[in-house]
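Student: Just a sequence and a predicted model for now, questions to come.
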Amino acid sequence: MLFLITLALGLFLMYKSSAWVIKYSLTISRVLGISSFVIGFILVSVITSLPELFVSIFAVWQNEPNLAVGTILGSNMSDITLVIGMVAIFAGTIHMKKKETLHLIELLFITSLITIFIFQTGSLTQIHGLILLALFGFLMHRLYKKGRVSKEVYQDEEKTKLPQLLGKFLTSIAILIISSRLVVDSALAMADYFLVATSFIGLTLVAFGTSLPELSVELRAVKRKEYSFAMGDLFGSAITNITLVLGVMSLISPTTINVISLTSLMPYMLVAIMFIWYVFSSKKKITRFEGLVLIMIYMLFIFTTFFMNELGLVNVFGVLG
């Protein structure tokens with residue numbers, strides 16, 4: 001049962017190191033005068049997806065791509081249901097600018113549809129990886145052009161701290177990489193011990209653990225009433241997971257990855273996205289009630305995943321076993 005201790009330690013270190021990465025990257029970006037839009041959406045959303053990225057890379061290297069795919073899909077579900085739901089309950093109400101929010105939700109919906117279409121082919125290949133990476137690059141370029149150049153001016157003495165900040169940033173990245181490897185090894189040991197599918201562990205426990213950075217960022221943001229920043233990071237992270245992270249994983253995998261039965265879980269993501277779109281388009285805010293609905297969708301997703309694992313349906317298709 002040592003894997004339980006190492007898993008808890010790995011998740012804790014992943015959570016802490018992600019917070020450090022976010023902290024130092026934001027400081028570096030502001031010192032360099034990078035626009036607030038790039039900081040709030042592109043940079044933070046990509047950085048908060050680093051746990052999923054490193055977990056996926058290590059899982060593929062250990063010939064466990066199912067753990068990687070499960071983590072990516074489960075993390076996205078956790079982000080757009082559990083995390084938003086918990087943030088809404090904590091804040092009471094999440095206010096958003098209608099045009100800004102709907103644009104992000106539409107992008108997430110489109111990328112999710114593309115992912116489902118790819119999954120319907122039955123496998124992930126390196127060609128799919130290139131397509132997803134190209135899509136990520138296109139979206140980031142489009143969003144970057146919408147950003148504004150930062151007008152903040154920093155004193156020379158603040159810029160002299162840049163080498164020190166870079167050192168702390170790189171150290172945090174190193175800890176994040178090590179903790180990601182620890183989480184993967186512990187998750188595989190847990191799957192073997194309890195005789196459950198590796199991607200069931202990825203869809204649930206590991207996915208929740210890799211969503212902790214987003215939860216931490218969002219709770220801090222809503223406490224300061226920075227709702228646009230919080231939702232921008234969440235939707236950006238979800239888009240990054242199913243384009244950049246899934247693309248990298250597909251590209252580096254030496255073999256094709258069978259994912260046909262995961263299509264039965266993807267509709268939950270679309271339902272959650274459409275629900276959020278409806279709420280924001282009609283009310284421009286998410287209240288505690290909508291937050292509870294999102295958490296219920298997440299619980300239903302977890303129940304379905306557990307049910308499929310117990311019946312062995314996932315092993316029949318050779319995807320989650």
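Tutor: Thanks, I have the structure now.
Student: in the longest helix along the chain, what's buried?
Tutor: Scanning the chain for the helix with the most residues, using DSSP state H, yields helix 162-194. For helix 162-194, the neighbour count (16 or more other CB atoms under 10 Å) marks 165, 168-169, 172-173, 175-177, 179-191 as buried. In this view, the C-beta of every residue, glycine as well, is placed from N, C-alpha and C.
Student: Repeat that for stretch 295-308.
Tutor: So for stretch 295-308, counting by 16+ other CB under 10 Å, buried means I295, I297, Y298, F301, I302, T305, M308.
Student: So which of the residues you listed belong to helices?
Tutor: Per DSSP H, the buried residues of stretch 295-308 map to helices at I295, I297, Y298, F301, I302, T305, M308.
Student: Which members of the residues you listed define the maximum pairwise distance?
Tutor: Across these, no pair lies farther apart than I295 and M308, at 20.5 Å, counting by CB to CB.
Student: Distance to W20 and pLDDT added to the buried residues of stretch 295-308, as a markdown table?
Tutor: Formatted as a markdown table, the buried residues of stretch 295-308 follow (distance: CB to CB, whole Å; pLDDT from 0 to 100):
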| residue | distance to W20 | pLDDT |
| --- | --- | --- |
| I295 | 28 | 94 |
| I297 | 32 | 94 |
| Y298 | 27 | 92 |
| F301 | 30 | 88 |
| I302 | 30 | 86 |
| T305 | 31 | 78 |
| M308 | 37 | 68 |
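Student: can you put the residues you listed in a markdown table and add distance to I242?
Tutor: Listed next are those as a markdown table, based on distance: CB to CB, whole Å:
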| residue | distance to I242 |
| --- | --- |
| I295 | 21 |
| I297 | 18 |
| Y298 | 17 |
| F301 | 15 |
| I302 | 19 |
| T305 | 17 |
| M308 | 20 |
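Student: Quickly name whichever of the residues you listed is closest to D233.
Tutor: The nearest one, if we look at these relative to D233 and count by CB to CB, is Y298, at 18.4 Å.
Student: Surely the closest one and L82 touch.
Tutor: Yes: using CB atoms under 8 Å, Y298 is in contact with L82, at 4.5 Å.
Student: Packing partners of the longest helix of the chain?
Tutor: Counting contacts by 3 or more CB pairs under 8 Å, 6 or more residues apart in numbering; DSSP states H and E, helix 162-194 packs against helix 2-31, helix 50-61, helix 65-77, helix 198-201.
Student: now with 6 Å?
Tutor: helix 2-31, helix 50-61, helix 198-201 (3 or more CB pairs under 6 Å, 6 or more residues apart in numbering; DSSP states H and E).
Student: can you tell me the average pLDDT over that helix?
Tutor: The predicted model assigns helix 162-194 a mean pLDDT of 84.
Student: got the angle for that helix vs helix 65-77?
Tutor: 110 degrees (axes from the mean of the first three to the mean of the last three CA atoms, to 10 degrees).
Student: thinking again about what came up before, from the ones in helices among the buried residues of stretch 295-308, which single one is nearest L11?
Tutor: I302 (17.4 Å).
Student: and K284, which of the helices and strands packed on helix 162-194 is closest to it?
Tutor: helix 2-31 (26.9 Å).
Student: any weak-confidence spans in the stretch 201-321 of the chain?
Tutor: By pLDDT under 70, the weakly predicted segments of the stretch 201-321 of the chain are 229, 260-261, 308-321.
Student: the strands in it, which residues?
Tutor: Listed in chain order, the strands of the stretch 201-321 of the chain (DSSP state E, counting those that start in this stretch) span 257-258, 285-287.
Student: who does the first one touch, helix- and strand-wise?
Tutor: Which is strand 257-258. Against strand 257-258 (3+ CB pairs under 6 Å, 6+ apart) you get strand 123-124.
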